[in-house]
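Chemist: Any chance you could fold what I've pasted below:
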Amino acid sequence: MRAFIALLMLSSACVPSYTHLPPIEFEDLPYQSLTGQAWPARVISLPKVAEQYGMIEVPDITYIELNPEGARTIVFLHGLGSYLKFWRYQLDYFASKGYRVIALDMVGYGKSSKPASFPYTMEAMGDVVRETLEQLEITDPVLIGHSMGGQVATSFAIRFPEKLTALVLTSPAGFETFSAKEKAWFKQVFSTEFVKMTSEAGLYVSVKRNNFYRWDDDYSWLIEERVRLAGSKTFDKYAYAQVRSVQGLVNTDFVRGNLAHVTVPTLIIHGDQDRLIPNPFLHGGESRDLMEAAAAKLPKSMLVTLEDCGHTVQIDCHDNYNKEVETWLASHASAQ
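Modeler: Take a look at the predicted model:
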């Protein structure tokens, strides 16, 4: 009933419209702090990934780096359909606490290239992270991943335990079981046409209803940028990357079957009002139950549940999120 009332209020509320604004290209997205200071974006090519997966073109990845002299490095991995700016409320914060901060646009997202020949599995994305770390000569990072980025980070920790020192899983994907029929359903329903046809009104309901519990108008930049990106020359490629990523996301067997092999300290942090995980259309249930079950299988884990917070908890409850993660890092995530 509460969800229905919230949805009704959203649909009847007066909200700003951005459809009259000109389209924006992904490469022109304003990557900047909350105070308006631009973040320097850099690009590196990934020839090893291209060779490993027999790609037609060599992909490139865009990243930003703050406080390069920091003693310890945090690498942020975004979720499905988003980009590094979704860590806007964390990057400057943790840089100000003395960390070297790296945030990536994963292949297919943000300002990174969007090649059709990339497989978009969680393991392939982990290989993108691995080559990026090698090129930047980062040997002992803390990986912080949200949703899809959490599944990528978990897979990375299982496969390359010597290449990180700690793991922060933020509303992570990867813990649910999907049957063959459910995977087929996702493949049929979640298409490029579905991504492209979403209206502005639909975005408001979807983003505010599914990703947030404490929506604030300060977050309207998410809506504006998504609406204007729909006219981008490369939006079709972005839509394709999303579809392929969803197909990769539902293949959770590797992560679920190997949680016991995550050897680094791990923090799972999520909101108790997560409306996306577990999947509400197929499984239902409470996010807390799913996260508790996964935490019980991780040898060195701690679970933090933030009350009255939604799926995009790092924005929805950014102050509480930052404090919890900062406190945990100080006591659990020492460099190897």
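Chemist: Validate this expectation: Tyr219 resides in a helix.
Modeler: Yes - counting by DSSP: H, G, I helix; E, B strand; the rest coil, Tyr219 is located in a helix.
Chemist: Next one: it, what pLDDT does it get?
Modeler: Tyr219 is assigned 94 on the pLDDT scale.
Chemist: and what of Lys85?
Modeler: 97.
Chemist: thought it was touching Leu29?
Modeler: Yes - at 6.8 Å, Lys85 counts as touching Leu29 under the criterion of CB atoms under 8 Å. Just so you know, the C-beta spots here come from the backbone N, C-alpha and C atoms, and that holds for glycine as well.
Chemist: Can you pull the residues that touch both of the two?
Modeler: Common contacts of Lys85 and Leu29 (CB atoms under 8 Å, 6 or more residues apart in numbering): Gly110.
Chemist: Which residues does the nearest residue to Lys111 once chain neighbours are set aside form beta bridges with?
Modeler: The shortest distance from Lys111 to any non-neighbouring residue, by CB to CB, 6 or more residues apart in numbering, is to Thr62 (3.9 Å). Assessed by DSSP bridges, Thr62 has beta-bridge partners Val43, Asp105.
Chemist: count of residues packed around Thr62?
Modeler: 24 (other CB atoms under 10 Å).
Chemist: swap in His283?
Modeler: His283: 13 neighbours (other CB under 10 Å).
Chemist: Excluding chain neighbours, what is closest to it?
Modeler: In space, His283 is closest to Glu176, 6.3 Å off (CB to CB, 6+ apart).
Chemist: Hmm, Asp253 and that neighbour touching each other?
Modeler: No - the criterion here is CB under 8 Å, and Glu176 misses it with Asp253 at 10.8 Å.
Chemist: And these two? Which one has more around it.
Modeler: A count of neighbours by other CB under 10 Å puts Glu176 above the other of Glu176 and Asp253, at 19 against 11.
Chemist: Show the contacting residues for the residue nearest to His283.
Modeler: Residues counted as contacts of Glu176 (CB under 8 Å, 6+ apart) are Thr252, Ile277, Pro278, Asn279, His283, Leu290.
Chemist: Pull up the gap between the first one and Asp308, please.
Modeler: Per CB to CB, to the nearest Å, Thr252 is found 27 Å from Asp308.
Chemist: same thing with the fifth one?
Modeler: Between His283 and Asp308 the distance, using CB to CB, works out to 22 Å.
Chemist: Can you show me the strands along the chain?
Modeler: Secondary structure of the chain (DSSP state E): strands at 41-45, 60-66, 72-77, 99-105, 142-146, 166-170, 266-271, 301-306.
Chemist: For those strands, could you give me CSV that also reports distance to Ala124 and mean pLDDT?
Modeler: Listed next are the strands of the chain as CSV, based on distance: least, CB to CB, whole Å; pLDDT from 0 to 100:
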stretch, distance to Ala124, mean pLDDT
strand 41-45, 16, 97
strand 60-66, 13, 98
strand 72-77, 13, 97
strand 99-105, 14, 98
strand 142-146, 15, 98
strand 166-170, 19, 98
strand 266-271, 22, 98
strand 301-306, 26, 98
